[in-house]
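Participant: Here's my sequence, what's the structure:
(one chain, ligands or ions: 1)
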Amino acid sequence: MRQLEGAFALIFKSAHYPNELIACMRGSTLILGVKELADDKVRGKLFHDVKDLTKDEKPKELFFSSDLCAIVEHTKNYLAIEDNEVVHIKDGCVSILKFDYGREKPASVQRALSVLEMEVEQIKKGNYDHFMQKEIYEQPHSLTTTMRGRLKDNSVVLGGLKEHLKTIRHSRRIIFIGCGTSYNAALAARSLFEELSGIPVTMELASDLQDRQGPIYREDTAVFVSQSGETADTLLALEYALANGALCVGVTNTVGSTIARKTHCGIHINAGCEIGVASTKAYTSQIVAMAMMALAIGADRISTQARRQSIVDDLSNLPNKVSEVLKLDGEMRDLAESLIDTQSLLVFGRGYNYATALEGALKVKEVALTHSEGMLAGEMKHGPLALVDETLPIIVIATRDACFSKQQSAIQQLHARKGRLIIMCSEGDASSVRPVESCKVIEVPRVADCLQPVINIIPLQLLAYHLTVLRGFDVDQPRNLAKSVTTQ
Ligand code: M6R
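Facilitator: Model (predicted):
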């Protein structure tokens, strides 16, 4: 371990040492699950030397995992192994040692077992065919749990940030850092942050930030967005921001994850366990968690009070609106059927829904294995317009917000080039956006402009899901991809 660099969690087993196992970790997650101890014996018990627990009681089953979700069907009792600790299991007995730099001898570790707050149903498909489908349908509930206890008396209370709000308000810049879907969620929240905080917000893909070694200062607040809390690129960017003295805030879905542990403060999005590789419910919960964060940061500004109030009202009603939009499932299945042979799909968005375009296209490419690009409609004339013809399907997001008339004009221009258009608009707007009667329109419920990305992504998640099933691909574990990308 002294010679290794970077983050790792390793388990060693050797034919030369039967009935023995060694595990160790640094900067990653390693969970030791302990089964068959009655709750009253386990809770709060010091895990000083598991021989204590195994000598005079029945032998226990022990599990190693890099994710809490993986042990819940076996046991709820676990120990989170910490940096530079080594676990030694021999003949069913466990001992844990910590190797600290500069110290010759390792110290024996004493820590109480924790009890997992998760139900086994969360990792079962129930009546659904796939986890992705289940997780799409769970969104009214996951959004409710993201907001539970946090919207109070028309304001937002975020316990994990309370002590740091003042520092964030005084930052020179807020930097959002993430990868994939988490980056897209941050992008969806960006303009609300700028509007309510008055602080410039910049976006960083974690890998690119490291490649450039982009400047980060003590006066910055760096917000790390990650469903798993274990993504290697995001973690390395976190180490970098910590070394540069920035205030580091985590937005994760995994209590006890490395990002949750290493950041100075943060918010758990509480979306529940997400198993499908394609992130769905975590995405919408991340947006809502970040919208709440923007509201909390901006809470000291009288000038935005009315705006904040209307957002809080719409947040409370958001789960109902999500239930409504889920009714488009059949329609999206039909649309998927009409796109089954398509080679490519473009998604144009703008303003709040530029992120929706990126995320919708990411869903289609990662599970339906169909080439798809999300594009900023403002960039259309600077290149992408050359692709337009009657064969290439193009989804244009044109729900009501400040960019609506610009999107109407983009639709006209695409139609003039004979584009095969599919338009997403707010309920009742079909006739205002449709260039010809035959044009496919997806009408979605209307919410506050900054929350509209939460609604708009759902038909695209359903489209990606159905396209994948119809094309016969693996929805939950698309080829070549992993749920947590723990390597660079
Ligand atoms: O766990 P994270 O949110 O940090 O993961 C980042 C990306 O790997 C992840 O969002 C990926 O893009 C999704 N699986 C896409 O659906």
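Participant: CA only for contacts and neighbour counts going forward, please
Facilitator: Noted.
Participant: Quick one: residues contacting the closest residue to the ligand within the stretch 51-200 of the chain.
Facilitator: Nearest residue of the stretch 51-200 of the chain to the ligand (CA to the nearest ligand atom) works out as residue 180 at 3.3 Å. Residue 180 is in contact with residue 362, counting by CA atoms under 8 Å, 6 or more residues apart in numbering.
Participant: near the ligand, which residues of the stretch 101-250 of the chain show up?
Facilitator: 179-182, 226-229, 231 (CA under 6 Å from any ligand atom).
Participant: can you put the residues you listed in CSV and add secondary structure, distance to residue 345 and pLDDT?
Facilitator: CSV is the format used below for these (DSSP: H, G, I helix; E, B strand; the rest coil; distance: CA to CA, whole Å; pLDDT from 0 to 100):
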residue, secondary structure, distance to residue 345, pLDDT
179, coil, 22, 97
180, helix, 18, 97
181, helix, 18, 98
182, helix, 22, 98
226, strand, 27, 97
227, coil, 26, 95
228, coil, 28, 92
229, coil, 31, 93
231, coil, 28, 92
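Participant: Mind giving me the ChimeraX command for buried ones among these?
Facilitator: What follows is the ChimeraX syntax selecting those of these that are buried according to 16 or more other CA atoms under 10 Å:
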select :179,181,182,226,227,228,229,231
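Participant: Could you export the residues of the stretch 101-250 of the chain next to the ligand as TSV, including distance to residue 199?
Facilitator: Shown next, in TSV, are these (distance: CA to CA, whole Å):
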residue	distance to residue 199
179	22
180	24
181	24
182	21
226	22
227	25
228	27
229	25
231	27
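Participant: Which single one of the residues of the stretch 101-250 of the chain next to the ligand is nearest to residue 302?
Facilitator: residue 182 (30.8 Å; CA to CA).
Participant: who are the neighbours in contact with the closest one?
Facilitator: 225-227, 283, 286.
Participant: before we move on, what about residue 393?
Facilitator: For residue 393, the contacting residues are 339, 342, 344-346, 419-422, by CA under 8 Å, 6+ apart.
Participant: re the thing from before, any idea how far the residue of the stretch 51-200 of the chain closest to the ligand is from residue 309?
Facilitator: 31 Å (CA to CA, to the nearest Å).
Participant: Residue 107 now?
Facilitator: As judged by CA to CA, residue 107 and residue 309 stand 53 Å apart.
Participant: Residue 23 now?
Facilitator: Look at residue 23 and residue 309: by CA to CA, they are 51 Å apart.
Participant: give me the low-pLDDT residue ranges for the protein?
Facilitator: 37-59 (pLDDT under 70).
Participant: returning to what we had before: more neighbours: which of residue 23 and residue 309?
Facilitator: Using other CA atoms under 10 Å as the criterion, residue 23 and residue 309 rank with residue 23 on top: 19 against 14.
Participant: Is the more buried one part of a helix or strand, or is it coil?
Facilitator: strand (DSSP: H, G, I helix; E, B strand; the rest coil).
Participant: Would you agree it is in contact with residue 11?
Facilitator: Yes - with contacts counted by CA atoms under 8 Å, residue 23 reaches residue 11, the gap being 4.2 Å.
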